[in-house]
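coords please:
(one chain, ligands or ions: 1)
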Amino acid sequence: DTGSAAAIPVNPNYDIAYVTPVSIGTPPQTLHLDFDTGSSDLWVFSSHLPASQIRGQTIYVPANSSTAKLLADHTWSITYGDGSASRGNVYVDNFTVGGLTVENQAVQCALQVSTSFTRESNIDGLVGLGFSTLNTVVPKSQLTFFDNAKPHMDEPVFTADLKWKSEGTYDFGFIDEKKYTGKITYVPVNTSPGYWTFTSSGYAVGSGNFSATSIVGIADTGTSLVYLPPSILTAYYRQVEGATSSRTYGGYVFPCNSKLPSFTFGIGEARITIPSSYISYAPVTAGSSTCFGGLQSSSSLGINIWGDVALKAAFVVFHGGNPPTIGWAKK
Ligand SMILES: O=C(NNC1=NCCC1)c1ccc(Br)cc1
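Presented below is the predicted three-dimensional model:
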């Protein structure tokens, strides 16, 4: 089996997150979900939510699906790295992404979502593509869509081709050679943290010298920005006129008309360059001439995160073999 589906920016101006259309149940209910390699719960806005917590999202109504079955006495509760959260109960149902169907996929129905989910009207839920060890369902944890689909896939892989301010693709079960240039460089993944954790070989700021240094981090499609050690950020933002780390805005900001260098990171001997346009992320508030940087500090996180700002500069292969590996290519 294989599948291919669009990754659509939720906001036309800034790549806050990407959603992908999926079909759930019989007859199919179409929702737009945030595919997230940084978590492992598949949850949806549902008919169990109070109306006050729904603001334009499409809900899944298990009662309207002839193939939905309640997973009795199972619940879930998750908190994300940005403090957002949700919790609820669990059904199993048919789940289809871009033509690839998994029967009896655990579909976690929200009974409660935090305000940041309510405010994001274009996200109807998440599809966790991290390792199933992170799944929060109790008393029996559930498998991700990828883990359920893997045995039926032509190849045990999914790929992310996210794009800057435009529609990209998630492919399942195959690697589309048309989506990248040159070769794919694969590096080992440490699955113990439950994320797609790998080691980058170093970095360069703009046209500067490459600094060979191991950077342990996660590839996280569910996080918008890139979070790196303070030493790397100092090296980057010292090249940006008027840049400063702002307590008010909680990170590095700079005048929106400042000239930004690109940022290159190493994958083994390979190099991925994030164009400067991806790093001038967004005005701190609508219409402001102060912009928030796409590179921020990981010092409060305890782990480095290669979020969408980095991922959209590459074609990324999440290879779920034994052992799993992650591949990066230019495009
Ligand atoms: O939550 C995480 N990624 N996904 C999402 N963020 C917001 C909604 C979905 C996340 C994962 C690991 C680390 Br370390 C920090 C953050």
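
what number of residues lie near the residue of the chain found nearest the ligand?
The ligand sits closest to Gly81 of the chain, with a gap of 2.2 Å, by Cβ to the nearest ligand atom. In this view, the C-beta of every residue, glycine as well, is placed from N, C-alpha and C. Using other Cβ atoms under 10 Å, Gly81 is surrounded by 16 other residues.

Kindly report the same for Asp154.
11.

and Ala149, what helix or strand is that in?
helix 145-149 (DSSP states H and E).

And the contacts of that helix?
1, 3, 42, 95, 97, 100, 102, 104-105, 127, 129, 132, 158, 172-173, 318, 320 (Cβ atoms under 8 Å, 6 or more residues apart in numbering).

isn't Glu241 right up against Ser258?
Yes: using Cβ atoms under 8 Å, Glu241 is in contact with Ser258, at 5.1 Å.

picking that back up, can you list which of the contacts of helix 145-149 are found in helices?
In helices, judged by DSSP state H, none of those are found.

Now the residue of the chain closest to the ligand. Its backbone dihedrals?
phi -60, psi -30 (degrees, to the nearest 10).

buried stuff in stretch 1-14?
Neighbour counts using 16 or more other Cβ atoms under 10 Å place Thr2, Gly3, Ser4, Ala5, Ala7, Ile8, Pro9, Val10 of stretch 1-14 among the buried residues.

Same list (the residues you listed) but as a markdown table, adding distance to Phe146 and pLDDT.
Shown next, in a markdown table, are the buried residues of stretch 1-14 (distance: Cβ to Cβ, whole Å; pLDDT from 0 to 100):
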| residue | distance to Phe146 | pLDDT |
| --- | --- | --- |
| Thr2 | 13 | 98 |
| Gly3 | 11 | 98 |
| Ser4 | 14 | 98 |
| Ala5 | 13 | 98 |
| Ala7 | 15 | 99 |
| Ile8 | 20 | 98 |
| Pro9 | 22 | 98 |
| Val10 | 22 | 98 |
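
Grab the longest helix from the protein for me.
Under DSSP H, the chain gives helix 230-237 as its longest helix.

Averaged pLDDT, that one. What do you get?
Averaging pLDDT along helix 230-237 gives 98.

ok, residues contacting it?
Residues contacting helix 230-237 (Cβ under 8 Å, 6+ apart): 203, 205, 211, 215, 243-245, 252, 254, 261, 263, 293, 295-297, 299.

Need the CA coordinates for it. PDB is fine.
Taking C-alpha atoms only, helix 230-237 is exported to PDB below (Å, rounded to 0.1, in the frame of the first residue of the first chain):
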ATOM      1  CA  PRO A 230      22.200  29.600  22.900                       C
ATOM      2  CA  SER A 231      25.800  29.600  21.500                       C
ATOM      3  CA  ILE A 232      24.600  28.900  18.000                       C
ATOM      4  CA  LEU A 233      21.900  31.600  18.300                       C
ATOM      5  CA  THR A 234      24.400  34.200  19.400                       C
ATOM      6  CA  ALA A 235      26.600  33.400  16.400                       C
ATOM      7  CA  TYR A 236      23.600  33.800  14.100                       C
ATOM      8  CA  TYR A 237      21.900  36.900  15.500                       C
END
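
mind checking how far that helix is from the chain centre?
24 Å (Cα atoms, centre = their mean, to the nearest Å).

Would you mind identifying the next helix or strand past that helix?
strand 244-246.

Quick check: buried residues in that next one?
Within strand 244-246, the residues that qualify as buried are Ser245, counting by 16+ other Cβ under 10 Å.

Can you name every helix or strand that that strand contacts?
Judged by 3 or more Cβ pairs under 8 Å, 6 or more residues apart in numbering; DSSP states H and E, the packing partners of strand 244-246 are helix 230-237, strand 251-255.

Most tightly packed of those?
Among these, ranked by average contacts under mean count of other Cβ atoms under 10 Å, first place goes to strand 251-255 (a mean of 20).

which other residues reach it?
Strand 251-255 is touched from outside by 233, 237, 240-246, 260, 284, 289-293, 295-297, with contacts defined as Cβ under 8 Å, 6+ apart.

now the buried residues of stretch 1-14 as JSON lines including distance to the ligand?
Supplementary listing: those in JSON lines, determined by distance: Cβ to the nearest ligand atom, whole Å:
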{"residue": "Thr2", "distance to the ligand": "25"}
{"residue": "Gly3", "distance to the ligand": "21"}
{"residue": "Ser4", "distance to the ligand": "22"}
{"residue": "Ala5", "distance to the ligand": "18"}
{"residue": "Ala7", "distance to the ligand": "14"}
{"residue": "Ile8", "distance to the ligand": "16"}
{"residue": "Pro9", "distance to the ligand": "15"}
{"residue": "Val10", "distance to the ligand": "12"}
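
Just these: which are in strands?
Among the buried residues of stretch 1-14, the members falling in strands are Gly3, Ser4, Ala5, Ala7, Ile8, Pro9 (criterion: DSSP state E).
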